[in-house]
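Chemist: turn this into a structure:
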Amino acid sequence: MIRAARLLALMQALRRRRRAVAAAALAEELSVSLRTIYRDIATLVAEGAPIEGTAGLGYRLRQGFFLPPLMLTEEEADAVMLGLRLVAERGDAGLTEAAEEAMAKIAAILPPAVEEAAAASPLLAGPARGSGASPLLGPIRAAMRSEHKLRLRYVDGAGAGTERVVWPIAIGFFAAAEVLAAWCELRRDFRHFRLDRIAAATTLPQRMPQRRRVLLATWRAQSDLDEMP
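Modeler: Next up, the predicted model:
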(Lines give C-alpha, C1' and ligand atoms only; values in the text may rest on other atoms or scores of the structure.)
Protein backbone atom coordinates (compact mmCIF):
# COMPACT_ATOMS: atom_id res chain seq x y z
CA MET A 1 0.00 0.00 0.00
CA ILE A 2 1.47 3.37 -1.00
CA ARG A 3 1.85 5.90 1.81
CA ALA A 4 -0.89 8.31 0.69
CA ALA A 5 -3.41 5.47 0.42
CA ARG A 6 -2.30 4.12 3.80
CA LEU A 7 -2.84 7.51 5.48
CA LEU A 8 -6.34 7.72 4.02
CA ALA A 9 -7.07 4.17 5.16
CA LEU A 10 -5.86 5.05 8.65
CA MET A 11 -8.15 8.09 8.81
CA GLN A 12 -11.05 5.94 7.61
CA ALA A 13 -10.31 3.33 10.30
CA LEU A 14 -10.40 6.05 12.96
CA ARG A 15 -13.57 7.60 11.57
CA ARG A 16 -15.47 4.29 11.80
CA ARG A 17 -14.90 4.13 15.57
CA ARG A 18 -16.49 6.25 18.27
CA ARG A 19 -14.06 5.14 20.95
CA ALA A 20 -10.30 5.10 21.12
CA VAL A 21 -8.69 2.21 19.27
CA ALA A 22 -5.35 0.66 20.16
CA ALA A 23 -2.45 1.09 17.77
CA ALA A 24 -2.07 -2.70 17.68
CA ALA A 25 -5.63 -3.07 16.33
CA LEU A 26 -4.95 -0.44 13.67
CA ALA A 27 -1.72 -2.15 12.71
CA GLU A 28 -3.48 -5.50 12.32
CA GLU A 29 -6.32 -3.98 10.27
CA LEU A 30 -3.95 -2.18 7.89
CA SER A 31 -1.35 -5.00 7.83
CA VAL A 32 1.50 -2.74 8.90
CA SER A 33 3.83 -2.57 11.89
CA LEU A 34 3.18 -0.71 15.14
CA ARG A 35 6.07 1.58 14.28
CA THR A 36 4.37 2.49 11.00
CA ILE A 37 1.12 3.33 12.82
CA TYR A 38 2.95 5.58 15.30
CA ARG A 39 4.79 7.32 12.46
CA ASP A 40 1.63 7.78 10.38
CA ILE A 41 -0.33 9.12 13.35
CA ALA A 42 2.43 11.66 13.97
CA THR A 43 2.36 12.66 10.29
CA LEU A 44 -1.42 13.15 10.29
CA VAL A 45 -1.32 15.20 13.51
CA ALA A 46 1.45 17.38 12.05
CA GLU A 47 -0.75 18.00 9.01
CA GLY A 48 -3.62 19.15 11.25
CA ALA A 49 -5.72 15.99 11.66
CA PRO A 50 -7.61 16.24 15.00
CA ILE A 51 -6.44 12.89 16.41
CA GLU A 52 -6.52 12.47 20.18
CA GLY A 53 -4.63 9.86 22.20
CA THR A 54 -1.17 8.56 22.86
CA ALA A 55 0.84 5.44 22.17
CA GLY A 56 -0.25 2.61 24.45
CA LEU A 57 -3.67 4.13 25.21
CA GLY A 58 -5.35 4.39 21.82
CA TYR A 59 -6.38 6.96 19.27
CA ARG A 60 -9.61 8.53 18.08
CA LEU A 61 -10.77 11.44 15.95
CA ARG A 62 -11.96 14.46 17.89
CA GLN A 63 -15.76 14.55 18.17
CA GLY A 64 -17.47 16.55 15.43
CA PHE A 65 -14.73 16.04 12.84
CA PHE A 66 -15.80 14.80 9.42
CA LEU A 67 -13.64 13.72 6.53
CA PRO A 68 -14.41 15.09 3.09
CA PRO A 69 -16.09 12.55 0.79
CA LEU A 70 -13.75 9.84 -0.45
CA MET A 71 -13.75 8.57 -4.01
CA LEU A 72 -15.51 5.24 -4.54
CA THR A 73 -14.38 2.30 -6.61
CA GLU A 74 -16.78 0.83 -9.16
CA GLU A 75 -17.59 -2.03 -6.75
CA GLU A 76 -18.28 0.43 -3.89
CA ALA A 77 -20.41 2.61 -6.16
CA ASP A 78 -22.42 -0.47 -7.22
CA ALA A 79 -23.02 -1.39 -3.56
CA VAL A 80 -24.05 2.13 -2.51
CA MET A 81 -26.33 2.72 -5.50
CA LEU A 82 -28.05 -0.66 -5.12
CA GLY A 83 -28.73 0.05 -1.45
CA LEU A 84 -30.19 3.47 -2.23
CA ARG A 85 -32.32 2.06 -5.05
CA LEU A 86 -33.75 -0.52 -2.65
CA VAL A 87 -34.57 2.25 -0.17
CA ALA A 88 -36.21 4.31 -2.91
CA GLU A 89 -38.42 1.34 -3.85
CA ARG A 90 -39.35 0.18 -0.35
CA GLY A 91 -39.32 3.35 1.73
CA ASP A 92 -42.01 5.88 2.49
CA ALA A 93 -42.14 9.23 0.69
CA GLY A 94 -39.52 10.75 2.99
CA LEU A 95 -37.07 7.88 2.58
CA THR A 96 -37.61 7.74 -1.19
CA GLU A 97 -36.87 11.44 -1.57
CA ALA A 98 -33.81 11.17 0.72
CA ALA A 99 -32.47 8.19 -1.27
CA GLU A 100 -32.88 10.03 -4.57
CA GLU A 101 -31.14 13.12 -3.18
CA ALA A 102 -28.30 10.98 -1.84
CA MET A 103 -27.87 9.27 -5.22
CA ALA A 104 -27.62 12.66 -6.92
CA LYS A 105 -25.03 13.90 -4.40
CA ILE A 106 -22.92 10.75 -4.74
CA ALA A 107 -23.06 10.88 -8.54
CA ALA A 108 -21.84 14.48 -8.40
CA ILE A 109 -18.60 13.56 -6.60
CA LEU A 110 -17.71 10.43 -8.57
CA PRO A 111 -15.01 10.52 -11.23
CA PRO A 112 -16.57 10.42 -14.73
CA ALA A 113 -15.61 6.78 -15.36
CA VAL A 114 -17.04 5.57 -12.05
CA GLU A 115 -20.16 7.75 -12.43
CA GLU A 116 -20.81 6.24 -15.87
CA ALA A 117 -20.34 2.72 -14.49
CA ALA A 118 -22.72 3.43 -11.58
CA ALA A 119 -25.39 4.85 -13.90
CA ALA A 120 -25.15 1.75 -16.10
CA SER A 121 -24.98 -0.68 -13.17
CA PRO A 122 -26.73 -4.01 -13.85
CA LEU A 123 -27.82 -4.18 -10.18
CA LEU A 124 -31.44 -3.02 -10.15
CA ALA A 125 -34.04 -2.86 -7.38
CA GLY A 126 -37.63 -3.91 -7.94
CA PRO A 127 -40.69 -2.75 -6.03
CA ALA A 128 -41.65 -4.35 -2.74
CA ARG A 129 -44.08 -7.26 -2.67
CA GLY A 130 -47.66 -6.05 -2.26
CA SER A 131 -48.95 -2.50 -2.60
CA GLY A 132 -45.80 -0.66 -1.62
CA ALA A 133 -44.62 0.94 1.59
CA SER A 134 -46.96 0.98 4.56
CA PRO A 135 -48.56 4.41 5.13
CA LEU A 136 -47.56 3.99 8.78
CA LEU A 137 -43.84 3.70 8.02
CA GLY A 138 -43.27 7.47 8.20
CA PRO A 139 -45.12 8.05 11.51
CA ILE A 140 -43.45 5.03 13.11
CA ARG A 141 -40.01 6.25 12.01
CA ALA A 142 -40.80 9.67 13.50
CA ALA A 143 -41.80 8.10 16.82
CA MET A 144 -38.57 6.09 16.91
CA ARG A 145 -36.51 9.19 16.18
CA SER A 146 -38.18 11.19 18.96
CA GLU A 147 -38.24 8.14 21.29
CA HIS A 148 -41.97 8.34 22.01
CA LYS A 149 -44.32 5.48 22.80
CA LEU A 150 -46.81 4.21 20.22
CA ARG A 151 -50.33 2.89 20.66
CA LEU A 152 -50.98 0.16 18.08
CA ARG A 153 -54.16 -1.51 16.91
CA TYR A 154 -52.81 -4.83 15.68
CA VAL A 155 -54.47 -7.72 13.84
CA ASP A 156 -52.64 -11.06 14.04
CA GLY A 157 -52.52 -13.80 11.41
CA ALA A 158 -55.75 -15.35 12.74
CA GLY A 159 -57.64 -12.06 12.44
CA ALA A 160 -57.76 -11.32 16.18
CA GLY A 161 -57.32 -7.66 17.07
CA THR A 162 -55.47 -6.27 20.09
CA GLU A 163 -54.37 -2.86 21.30
CA ARG A 164 -50.81 -2.45 22.52
CA VAL A 165 -48.60 0.33 23.87
CA VAL A 166 -45.09 -0.25 22.60
CA TRP A 167 -41.65 1.32 22.60
CA PRO A 168 -40.54 1.20 18.94
CA ILE A 169 -36.86 0.44 18.40
CA ALA A 170 -36.28 -0.83 14.84
CA ILE A 171 -37.91 -1.71 11.52
CA GLY A 172 -36.67 -4.72 9.57
CA PHE A 173 -37.21 -4.89 5.80
CA PHE A 174 -37.65 -8.55 4.84
CA ALA A 175 -38.71 -10.21 1.60
CA ALA A 176 -42.20 -11.00 2.87
CA ALA A 177 -42.92 -7.94 5.00
CA GLU A 178 -41.64 -4.98 6.98
CA VAL A 179 -41.50 -5.76 10.70
CA LEU A 180 -41.50 -3.41 13.69
CA ALA A 181 -39.42 -4.53 16.66
CA ALA A 182 -40.64 -3.00 19.93
CA TRP A 183 -40.91 -3.48 23.66
CA CYS A 184 -44.54 -4.37 24.40
CA GLU A 185 -45.95 -3.09 27.69
CA LEU A 186 -48.73 -5.72 27.60
CA ARG A 187 -46.33 -8.66 27.24
CA ARG A 188 -43.47 -6.99 29.15
CA ASP A 189 -41.05 -8.26 26.53
CA PHE A 190 -39.83 -7.58 23.01
CA ARG A 191 -42.34 -8.37 20.27
CA HIS A 192 -42.40 -8.12 16.47
CA PHE A 193 -45.29 -6.57 14.54
CA ARG A 194 -45.77 -6.78 10.78
CA LEU A 195 -46.50 -3.31 9.44
CA ASP A 196 -49.17 -4.64 7.07
CA ARG A 197 -51.11 -5.95 10.10
CA ILE A 198 -51.00 -2.68 12.06
CA ALA A 199 -54.44 -1.12 11.61
CA ALA A 200 -53.49 2.14 13.34
CA ALA A 201 -50.50 3.68 15.09
CA THR A 202 -50.78 6.73 17.34
CA THR A 203 -47.78 8.53 18.78
CA LEU A 204 -48.27 9.14 22.49
CA PRO A 205 -46.94 12.16 24.42
CA GLN A 206 -45.03 9.91 26.82
CA ARG A 207 -41.39 9.30 26.01
CA MET A 208 -39.89 5.83 26.21
CA PRO A 209 -38.46 5.14 29.70
CA GLN A 210 -35.16 3.93 28.20
CA ARG A 211 -33.07 5.31 25.36
CA ARG A 212 -33.75 3.60 22.07
CA ARG A 213 -30.10 2.69 21.52
CA VAL A 214 -30.05 0.86 24.88
CA LEU A 215 -33.21 -1.05 24.02
CA LEU A 216 -31.84 -1.82 20.56
CA ALA A 217 -28.67 -3.32 22.01
CA THR A 218 -30.70 -5.48 24.42
CA TRP A 219 -33.04 -6.61 21.65
CA ARG A 220 -30.12 -7.55 19.41
CA ALA A 221 -28.58 -9.61 22.19
CA GLN A 222 -31.84 -11.49 22.82
CA SER A 223 -33.36 -11.88 19.36
CA ASP A 224 -32.85 -14.53 16.71
CA LEU A 225 -33.14 -12.41 13.58
CA ASP A 226 -33.35 -15.50 11.36
CA GLU A 227 -36.76 -16.32 12.86
CA MET A 228 -38.36 -12.97 12.03
CA PRO A 229 -40.92 -13.07 9.18
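Chemist: list the residues that contact the closest residue to residue 201 other than its chain neighbours.
Modeler: Among residues not flanking residue 201 along the chain, residue 136 sits closest, at 4.8 Å (CB to CB, 6 or more residues apart in numbering). Bear in mind the C-beta positions are built from the backbone N, C-alpha and C, glycine included. For residue 136, the contact set (CB atoms under 8 Å, 6 or more residues apart in numbering) comprises 195, 198, 200-201.
Chemist: can we see that at 7 Å?
Modeler: Contacts were defined as CB atoms under 7 Å, 6 or more residues apart in numbering; by that measure residue 136 touches 195, 198, 201.
Chemist: what do you get for residue 62?
Modeler: Contact partners of residue 62, counting by CB under 7 Å, 6+ apart, are 50, 52.
Chemist: distance of it relative to residue 50?
Modeler: 4 Å (CB to CB, to the nearest Å).
Chemist: pull out the buried residues from the longest strand anywhere in the chain.
Modeler: In terms of residue count, the longest strand belonging to the chain (DSSP state E) is strand 161-173. For strand 161-173, a neighbour-count test (16 or more other CB atoms under 10 Å) marks 164-171 as buried.
Chemist: now find how far off-centre it is within its chain.
Modeler: Centre-to-centre, strand 161-173 and its host chain are 19 Å apart (CA atoms, centre = their mean, to the nearest Å).
Chemist: now for the helix or strand bottoming out on mean pLDDT in the chain, which elements pack on it?
Modeler: Lowest on mean pLDDT, DSSP states H and E among the helices and strands of the chain sits helix 112-119, with a mean of 74. Packed against helix 112-119 by the contact rule (3 or more CB pairs under 7 Å, 6 or more residues apart in numbering; DSSP states H and E) you find helix 74-90.
Chemist: residues contacting the helix it packs on, please?
Modeler: So helix 74-90 is contacted by 72, 95-96, 99-100, 102-103, 106, 110, 114, 117-118, 121, 123-128, 133, 173 (CB under 7 Å, 6+ apart).
Chemist: stretch 196-209 too?
Modeler: Here stretch 196-209 has contacts from 130, 134, 136, 139-140, 143, 147-156, 167, 177, using CB under 7 Å, 6+ apart.
Chemist: kindly report the same for stretch 31-44.
Modeler: By CB under 7 Å, 6+ apart, stretch 31-44 touches 6-7, 10-11, 23-24, 26-27, 51, 55, 59.
Chemist: many thanks, we can stop here.
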